[in-house]
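Visitor: Sequence first, then the predicted structure, then my questions.
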Amino acid sequence: MTDVKLVDVSLRDGNQSIWGATGVTTRMVQGVASLLDQVGYHAIELVSSTLMATAVRYHQEDPWERLRAARDLMPNTQLGFLTTGKRFISFHRTPDAVFELAFRLLVRNGVKRLWVIDPMHDMEGAKRTAEMAKRVGFEEVIGGICYTTSPVHTDEYFATKAKELDDCDAIDSVYLKDPAGLLTPDRVKSLVPLLQSSLTSTRLNEIHSHSTTGLSPITVLDAADLGIDTIHCALPPLANGSSHPEAQRLVHNLRARGHNVNVDLDAMAKASAYLQRQGRIKNLPAGSPNEYDEAYYRHTIPGGVQSTTRRQLGEIRRADLFDQVIEESVQVREDLGWPIVMTPFAQYIVTQATLNVITGERYKQLSDEVIDLLRGDFGPLPGAVNPELMDRAMATKRGQQPINDGGDVTIADLRRRFGATISDEELLLRAVMPAEQVDTMYAAKKNSATSTLQRLLAAVNDRPSTSVSISDGTTKFSIQRGPSDNVGAAVVGTTGGSAAQEATA
């Protein structure tokens, strides 16, 4: 019997897997956060750099405000961030100075748990990332073993990689991450004990397994039987499908097997009801249990990448190419030397497969990211690379450039480029995102109704007596303050001559 703790992934991985990374908004986080805080989760996987980018790009929202809202509304629950340690928002290598700034800002804005998962299993790089995270204030750092299937990814391979994390004081524990939902009950029974026995100074005690093949609800139960005491899950409508096991059902199943799970199911139900209502209002899909699909083991593309790819193909009016792109990704992965199919390499593989399909000729056009990968920017590939592909990549101008991890970039350089007086949070966004997207976000923020109200309240706050009314013909907004009064604001609907709504601030 195991005392099992739960990590909720609805707002990060559920959103990315079911809603294409764009469904969750700051207002939605504000609406559900206090409910999630009542559940008793061990932690909430709140954000990744991808979701920070989509907040800016698709919603013109400040991602730092979203983090602060979650922090303020979930004081009892640890908030977490997922990183590969190699990139932040950009799909290219991120300089160490930028990464350290990002980590400092995450901690400053309330995120205290970090999952470090290097997709290429560069464990020395993962340990450096963990040490940086602890140095800037992360309270808990979890090192990752990233599961996949290929001729080179054997149980012994994974055990060797896990052992490399064992001597790092900055890593509090190790988790098994299954981003494509490929783990089977049989494989978890052989792999988990081997990983556990390879560690002497730390523990493998956490599992993250997607439901893409329909097996993870059973696989995580078997993991609990083997002593794994922390399990990732999600709430409907952001559970099942290519996301994670549904939390309420998982609790019932764990208890049926004799495990203890100390959570509030009523609070779960309320949080889920809120998310489902938001999904219906926004016409967003709801995850449902997937049937087992043996063919999935051919391409292994994670659910979040599949949904994002489908959306992006639809945006260029080529949604009909989705099946061809997924099939082409099988050959691309083999030619690249069997990189693990997770962010960012899943996107590299799918992007190159898309180019192959659209151009009608394999590798006629190579993406910059694939050239960087073959050049060695992310470390050695686990298997043999197609020599013709390697020759073609290295013959390009980009392929002939030396590897540059941006190690010589400093924050002072960024300040000279983007401005000495802007906030650290704005500086980071400008360092890793297109200027026009950041400009649009800050302009929208400045002109939002909330911002306008805050400026108006601030303008009258120091005046001893104030009366202001604004009307557009149907709604009148009034602020009145006497010499000893607090500022009061009222929104009064004037349609038909009667008050439709009134509130004070």
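Guide: Alright, I've got the coordinates.
Visitor: Any regions of the protein where pLDDT drops low?
Guide: 303-304, 404-407, 449-466, 468-479, 481-505 (pLDDT under 70).
Visitor: mind checking the SS state of Phe81?
Guide: Of the three states, Phe81 takes strand under DSSP: H, G, I helix; E, B strand; the rest coil.
Visitor: For Asp72, see how far away it is.
Guide: According to CB to CB, to the nearest Å, Phe81 and Asp72 sit 17 Å apart. All C-beta atoms are positioned from the backbone trio N, CA, C, and that covers glycine.
Visitor: who's more crowded, these two?
Guide: Neighbours per residue (other CB atoms under 10 Å) separate Phe81 from Asp72, with Phe81 holding more: 25 against 12.
Visitor: OK, contacts around the more buried one?
Guide: Leu46, Val47, Ser48, Leu106, Val111, Arg113, Leu114, Trp115 (CB atoms under 8 Å, 6 or more residues apart in numbering).
Visitor: And the closest residue to it other than its chain neighbours, how close does it get to Met342?
Guide: Nearest residue to Phe81, sequence neighbours excluded (CB to CB, 6 or more residues apart in numbering): Val111, at 4.8 Å. Distance, Val111 to Met342, by CB to CB: 21 Å.
Visitor: cool, and Arg66?
Guide: Applying CB to CB to Arg66 and Met342 gives a distance of 24 Å.
Visitor: do Pro151 as well
Guide: Using CB to CB, we find Pro151 at a distance of 18 Å from Met342.
Visitor: Ok, Thr410 next?
Guide: Separation of Thr410 from Met342 (CB to CB): 30 Å.
Visitor: So for Ser307, what's the nearest residue that isn't a sequence neighbour?
Guide: Setting aside the residues directly before and after it, Ser307 is nearest to Gly20 in space (CB to CB, 6+ apart), at 4.7 Å.
Visitor: thought that neighbour was touching Leu313?
Guide: No - counting by CB atoms under 8 Å, Gly20 sits too far from Leu313 to count as a contact (11.6 Å).
Visitor: Pull out the buried positions in stretch 296-307.
Guide: For stretch 296-307, burial by neighbour count (16 or more other CB atoms under 10 Å) applies to Tyr296, His299, Thr300, Ile301, Pro302, Gly303, Gly304, Val305, Gln306, Ser307.
Visitor: for stretch 318-335, same thing?
Guide: If you call a residue buried by 16+ other CB under 10 Å, then stretch 318-335 has these buried ones: Leu321, Phe322, Val325, Ile326, Glu328, Ser329, Gln331, Val332, Arg333, Asp335.
Visitor: what comes into contact with the one helix or strand the second one maps to?
Guide: When you say that, I think you mean Phe322. Element membership for Phe322 (DSSP states H and E) is helix 322-335. With CB under 8 Å, 6+ apart as the test, helix 322-335 has contacts from 150, 298-301, 306, 309-310, 313, 339, 341, 349-350, 352-354, 356-357, 362, 385-386, 389.
Visitor: can you do 7 Å?
Guide: Helix 322-335 is touched from outside by 298-299, 301, 309-310, 313, 339, 341, 349-350, 352-354, 356-357, 386, 389, with contacts defined as CB atoms under 7 Å, 6 or more residues apart in numbering.
Visitor: Out of those, list just those in strands.
Guide: Judged by DSSP state E, the subset of the contacts of helix 322-335 located in strands is empty.
Visitor: Kindly write the PyMOL command that selects the buried subset of those.
Guide: With 16+ other CB under 10 Å as the criterion, this PyMOL line picks the buried residues out of the contacts of helix 322-335:
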select buried, resi 299+301+309+313+339+341+349+350+352+353+354+356+357+386+389
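Visitor: Validate this expectation: Ile142 resides in a strand.
Guide: Yes - secondary structure of Ile142 (three-state DSSP): part of a strand.
Visitor: Now do the strands in the protein.
Guide: 3-8, 43-48, 78-83, 113-116, 140-146, 173-178, 204-209, 230-233, 260-261, 466-471, 475-481, 488-493.
Visitor: As CSV, those with distance to Ala97 would be great.
Guide: CSV is the format used below for the strands of the chain (distance: least, CB to CB, whole Å):
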stretch, distance to Ala97
strand 3-8, 30
strand 43-48, 20
strand 78-83, 15
strand 113-116, 18
strand 140-146, 20
strand 173-178, 27
strand 204-209, 29
strand 230-233, 31
strand 260-261, 42
strand 466-471, 46
strand 475-481, 45
strand 488-493, 44
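Visitor: Out of the ones you listed, which is closest to Pro402?
Guide: Closest approach to Pro402 among those is made by strand 78-83 (25.3 Å; CB to CB).
Visitor: I figured Trp179 hits Pro302, correct?
Guide: To be clear, residue 179 is Pro; Trp isn't right here. Yes - counting by CB atoms under 7 Å, Pro179 does reach Pro302; the two are 4.6 Å apart.
Visitor: gap between the residue nearest to Thr83 when sequence neighbours are not counted and Gly143?
Guide: With CB to CB, 6+ apart as the criterion, Thr83 has its nearest non-adjacent residue at 6.0 Å, and that residue is Val116. In this view, Val116 and Gly143 are 6 Å apart by CB to CB.
Visitor: swap in Ala43?
Guide: Separation of Ala43 from Gly143 (CB to CB) stands at 15 Å.
Visitor: more neighbours, these two?
Guide: Shown here are Ala43 and Gly143; by other CB under 10 Å, Gly143 has more neighbours (28 against 22).
Visitor: Any idea what that one is bridged to?
Guide: Beta-bridge pairing of Gly143 under DSSP bridges involves Val116, Val174.
Visitor: residues in contact with it?
Guide: With contact set as CB under 7 Å, 6+ apart, Gly143 has these partners: Val116, Ala126, Ala130, Leu165, Ile171, Val174.
Visitor: Buried members of the residues you listed into ChimeraX, please.
Guide: With 16+ other CB under 10 Å as the criterion, this ChimeraX line picks the buried residues out of these:
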select :116,126,130,165,171,174
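Visitor: Now tell me what touches stretch 340-348 from outside.
Guide: With CB under 7 Å, 6+ apart, stretch 340-348 has contacts from 84, 87, 91, 119, 146, 148, 179-180, 300-302, 305, 333, 339, 349, 367, 369-370, 373.
Visitor: Now, those that are in helices?
Guide: Val305, Arg333, Ile349, Glu369, Val370, Leu373 (DSSP state H).
Visitor: Is it correct that Leu254 is in contact with Ala224?
Guide: Yes - using CB under 7 Å, Leu254 makes contact with Ala224 at a distance of 6.0 Å.
Visitor: ok, these two, which is more surrounded?
Guide: More crowded of Leu254 and Ala224, by other CB under 10 Å: Ala224, with 24 against 20.
Visitor: coming back round to it: mind listing the shared neighbours of Leu254 and Ala224?
Guide: Common contact partners of Leu254 and Ala224 (CB under 7 Å, 6+ apart): Val4.
Visitor: Which residue is the nearest non-sequential neighbour of Pro289?
Guide: Nearest non-adjacent residue to Pro289, counting by CB to CB, 6+ apart: Asn240, 4.9 Å away.
Visitor: show me what contacts that neighbour?
Guide: Asn240 sits next to Ser211, Glu246, Gly287, Ser288, Pro289 when contact means CB under 7 Å, 6+ apart.
Visitor: Could you tell me which of these count as buried?
Guide: Ser211, Glu246, Gly287.
Visitor: Excluding residues flanking it in the chain, which one is nearest the second one?
Guide: This means Glu246. Nearest non-adjacent residue to Glu246 (CB to CB, 6+ apart): Ala239, at 3.9 Å.
Visitor: Got phi/psi on the one you found?
Guide: With angles defined as degrees, to the nearest 10, Ala239 sits at phi -110, psi 170.
Visitor: How many residues are close by it?
Guide: Residues lying near Ala239 (other CB under 10 Å) number 30.
Visitor: shouldn't it be in contact with Pro289?
Guide: No - if you go by CB under 7 Å, Ala239 and Pro289 don't touch, sitting 9.1 Å apart.
Visitor: Quick check: longest helix in this protein by residues?
Guide: Looking across the chain with DSSP H, the single longest helix is helix 265-281.
Visitor: Alright, calling it a day.
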